[in-house]
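# next one to model:
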Amino acid sequence: MYELNGIVYAGEATPELKVTAARVTNDWMMLITFSNGETRIFDGTRLWGKPVYEPLHSQNVFNDFAIDHGILTWDNGRIDIGTNNLYELCYPYDAPITDGNGIIRPQRELVH
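Here you go, the predicted model:
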């Protein structure tokens with residue numbers, strides 16, 4: 001049992017998950033490192049179909065992300081995704097992402 005902001009919860013407190021680094025690898029794909037040390041693959045197309053994320057259909061908007069206080073954001077902070085939700089949408093990353101030509105090089109990396 002633990003207390004947070006005056007509310008008592010059953011179970012154990014878990015540390016708040018944050019994004020510590022991210023990089024675009026190719027079309028709507030990112031490698032994201034979380035504060036638990038785990039790096040996961042995020043497929044941005046999984047957000048398509050939700051009106052708030054419609055601007056991310058543009059590869060330029062998707063590529064122009066930021067990490068603000070551990071949260072992945074786009075469009076100067078007007079679009080964000082909760083870190084726990086992001087983590088659940090990601091796939092485990094065990095090996096380099098490759099294509100027929102070898103390792104896909106990151107286009108951009110941002111580390112906080």
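
# Ala66 and Asn76: what is the separation?
Using C-beta to C-beta, to the nearest Å, Ala66 is found at 8 Å from Asn76. Quick note: C-beta positions are derived from backbone N, CA and C, even for glycine.

# okay, those two: which has more neighbours?
Ala66 (15 against 9; other C-beta atoms under 10 Å).

# helix/strand/coil for that one?
strand (DSSP: H, G, I helix; E, B strand; the rest coil).

# which strand or helix spans the closest residue to it other than its chain neighbours?
Distances taken as C-beta to C-beta, 6 or more residues apart in numbering place Thr73 nearest to Ala66, at 5.1 Å, with adjacent residues excluded. Thr73 belongs to strand 71-74 when assigned by DSSP states H and E.

# got the buried residues for that strand?
Residues of strand 71-74 classed as buried by neighbour count (16 or more other C-beta atoms under 10 Å): Leu72, Thr73, Trp74.

# can you redo those residues as JSON lines with pLDDT and distance to Pro51?
Shown next, in JSON lines, are the buried residues of strand 71-74 (pLDDT from 0 to 100; distance: C-beta to C-beta, whole Å):
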{"residue": "Leu72", "pLDDT": "97", "distance to Pro51": "18"}
{"residue": "Thr73", "pLDDT": "97", "distance to Pro51": "17"}
{"residue": "Trp74", "pLDDT": "97", "distance to Pro51": "14"}
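
# any stretches of the protein with poor pLDDT?
Across the chain, the ranges flagged by pLDDT under 70 are 2, 4, 11, 13-14, 95-112.

# which strands or helices does the biggest strand by length in it pack on?
Ordering each strand of the chain by length in residues (DSSP state E) puts strand 19-26 first. Judged by 3 or more C-beta pairs under 8 Å, 6 or more residues apart in numbering; DSSP states H and E, strand 19-26 is in contact with strand 29-34, strand 65-68, strand 71-74, strand 108-111.
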